[in-house]
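Participant: test case, fold it:
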Amino acid sequence: MAEGDLKTLALADLHAELGGKFVGFAGYAMPVQYPLGVMGEHLWTRESAGLFDVSHMGQVMLPGDSDLETLVPVDVAGLAEGRQRYGFFTNDAGGVLDDLMIARVPDGLFLVVNAGCKDADIAHLRAHLDGVRVIEDRALLALQGPKAEAALAALIPEVADMRFMDSTRMAWNGAELWISRSGYTGEDGFEISIPEGRAEAFARALLEDERVEPIGLGARDSLRLEAGLPLYGQDMDPSVSPIEAGQAWAISKVRRSGGDRAGGFPGADTLLDQIANGAPRRRVGLLPEGRAPMRTGVEIFTSPDAPTPIGKITSGGFGPTLGAPMALALVASDTPGDIPLYGEVRGKRLPVAQVKLPFTPPGFKR
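Facilitator: Just a heads-up that it's a prediction; the model follows:
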């Protein structure tokens, strides 16, 4: 997509004023970093509170009685009002079409889907469900970090009472905010949907707090990778099952074999079999030796001279909090979990250690 074809965020002028450097991402001109720099922004979010503009993501409302369970392996019927769940759309082969957040709100189900998939997701929803309403007049902000609660509570004191994965509506200076206590950085935090016309004033009010700095796409990626969180399009896609991607926990008990509403979603036979009997591949965390990251696509081997790769890296980079390179990989499920592996970089086999995820301890509020 040419630069002139990129969509513009409602807060683009504010990002430019703050010194944001823009790149094309999922069809939008997005701030990738600010003067603090990717490493500084990453560490700031881990230690204080970072403000992200994620308005490129899709916001969708469904009627409360929509049979969303026919498209996702999630307990939607049992989702209480004011609560949110993580889930994914699956295809008939058991692969992931997209991952999303699902919240039950007073007037239905509120979904947040990935920017790069939102057109396909909306078409998918409309092909199977009635009453799909795309929200196009609201910005979406994420405030993340251990001081996020204090910073947001300075404007809206009631948020301090929210639990992890709560979803509620609150007022700020006459604007209705849709707030969830969630995020994708591994830290405590909130995602806030706000009318576009009030978004700049709200963002400025947050940024006046000395605990809050603007954070771009670069740090968002390194934060989620340190937290061991998969990224759609890299760690998950239509050829990768949620079991392989390490997301089996998100398939609700009632939708599994023996559950009250077992199956009934695309790819159910494959996924329920993988839960019971194992999947062909598994996700693993890797720590390369030295300081050089191993990037997406690097092939993984069991020895320096093994003829055939047993997998490949799906996400890789440097972890500023970790102080070392890190990677997520998909490897053959029969690969022993206690052996060193080797990544091939420019024809050289370099050792990597398998480690338990996440790379950094989670900071979610329970």
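Participant: strands of the stretch 251-366 of the chain, start to end?
Facilitator: For the stretch 251-366 of the chain, the strands defined by DSSP state E, counting those that start in this stretch occupy 281-288, 299-301, 311-319, 324-332, 341-345, 348-355.
Participant: need the contact list for the residue most central in space within the chain.
Facilitator: The geometric centre of the chain, computed from its C-alpha atoms, lies nearest to residue 184 (Cα atoms, centre = their mean), at 4.7 Å. Shown in contact with residue 184 (Cβ atoms under 8 Å, 6 or more residues apart in numbering): 142, 220, 223-224, 227, 229. Every residue, glycine included, has its C-beta placed from N, CA and C.
Participant: looks like residue 170 contacts residue 159 (just checking).
Facilitator: Yes - using Cβ atoms under 8 Å, residue 170 is in contact with residue 159, at 7.1 Å.
Participant: who has more neighbours, these two?
Facilitator: residue 159 (23 against 17; other Cβ atoms under 10 Å).
Participant: pretty sure residue 199 is touching residue 137, no?
Facilitator: No - with contacts counted by Cβ under 8 Å, residue 199 stays clear of residue 137, the gap being 10.4 Å.
Participant: which one's more surrounded, these two?
Facilitator: residue 199 (23 against 10).
Participant: tell me which residue lies farthest from the centre of the chain.
Facilitator: Largest centre distance within the chain, by Cα atoms, centre = their mean: residue 305, 36.2 Å.
Participant: quick one, what contacts the closest residue to that residue other than its chain neighbours?
Facilitator: In space, and not counting its chain neighbours, residue 305 is closest to residue 349: 7.8 Å by Cβ to Cβ, 6 or more residues apart in numbering. In this structure, residue 349 makes contact with 301, 304-305, 342-343, judged by Cβ under 8 Å, 6+ apart.
Participant: narrow those to those that are buried.
Facilitator: Buried members of the contacts of residue 349, counted by 16 or more other Cβ atoms under 10 Å: 301, 342-343.
Participant: and the residue nearest to residue 305, what are its bridge partners?
Facilitator: residue 344 (DSSP bridges).
Participant: so how far is residue 299 from it?
Facilitator: As judged by Cβ to Cβ, to the nearest Å, residue 349 and residue 299 stand 10 Å apart.
Participant: residue 266 too?
Facilitator: 30 Å.
Participant: please say which of the two ends up with more neighbours.
Facilitator: residue 266 (20 against 17).
Participant: need the pLDDT of the more buried one.
Facilitator: Predicted confidence (pLDDT) for residue 266: 98.
Participant: who's in contact with it?
Facilitator: So residue 266 contacts 71, 89-92, 94 (Cβ under 8 Å, 6+ apart).
Participant: could I get these as TSV with distance to residue 129, neighbour count and secondary structure?
Facilitator: Converted to TSV, the contacts of residue 266 look like this (distance: Cβ to Cβ, whole Å; neighbours: other Cβ atoms under 10 Å; DSSP: H, G, I helix; E, B strand; the rest coil):
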residue	distance to residue 129	neighbour count	secondary structure
71	8	23	coil
89	12	23	strand
90	15	24	strand
91	17	15	coil
92	17	10	coil
94	21	25	coil
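Participant: out of those, which is nearest to residue 24?
Facilitator: Closest to residue 24 out of the contacts of residue 266 is residue 89 (24.9 Å), distances taken as Cβ to Cβ.
Participant: local confidence estimate at the nearest residue to residue 133 once chain neighbours are set aside?
Facilitator: Spatial nearest neighbour of residue 133, chain neighbours left out: residue 61 (4.4 Å); criterion: Cβ to Cβ, 6+ apart. With respect to pLDDT, residue 61 scores 98.
Participant: which helices and strands sit right next to whichever helix or strand residue 61 is part of?
Facilitator: Following DSSP states H and E, one finds residue 61 within strand 58-62. The contact analysis (3 or more Cβ pairs under 8 Å, 6 or more residues apart in numbering; DSSP states H and E) places strand 58-62 against strand 108-113, helix 118-128, strand 133-135.
Participant: hmm, try it at 6 Å
Facilitator: The helices and strands touching strand 58-62, judged by 3 or more Cβ pairs under 6 Å, 6 or more residues apart in numbering; DSSP states H and E, are strand 108-113, strand 133-135.
Participant: that older thread, residues near the residue nearest to residue 133, how many?
Facilitator: Neighbour tally, residue 61, other Cβ under 10 Å: 17.
Participant: who's it bridged to?
Facilitator: Bridge pairing for residue 61 - DSSP bridges - gives residue 110, residue 133.
Participant: before we move on, back to that, nearest to residue 35, of the contacts of residue 349?
Facilitator: Closest to residue 35, out of all of those and judged by Cβ to Cβ, is residue 343, at 33.7 Å.
Participant: report the distance from stretch 325-344 to the chain centre.
Facilitator: 23 Å (Cα atoms, centre = their mean, to the nearest Å).
Participant: buried stuff in it?
Facilitator: Those would be 325-331, 335, 341-344, for stretch 325-344 by 16+ other Cβ under 10 Å.
Participant: now those residues in TSV, please, with extra columns for distance to residue 110 and pLDDT.
Facilitator: Shown next, in TSV, are those (distance: Cβ to Cβ, whole Å; pLDDT from 0 to 100):
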residue	distance to residue 110	pLDDT
325	37	98
326	33	98
327	34	98
328	29	98
329	34	98
330	31	98
331	36	98
335	40	98
341	41	98
342	45	98
343	41	98
344	44	97
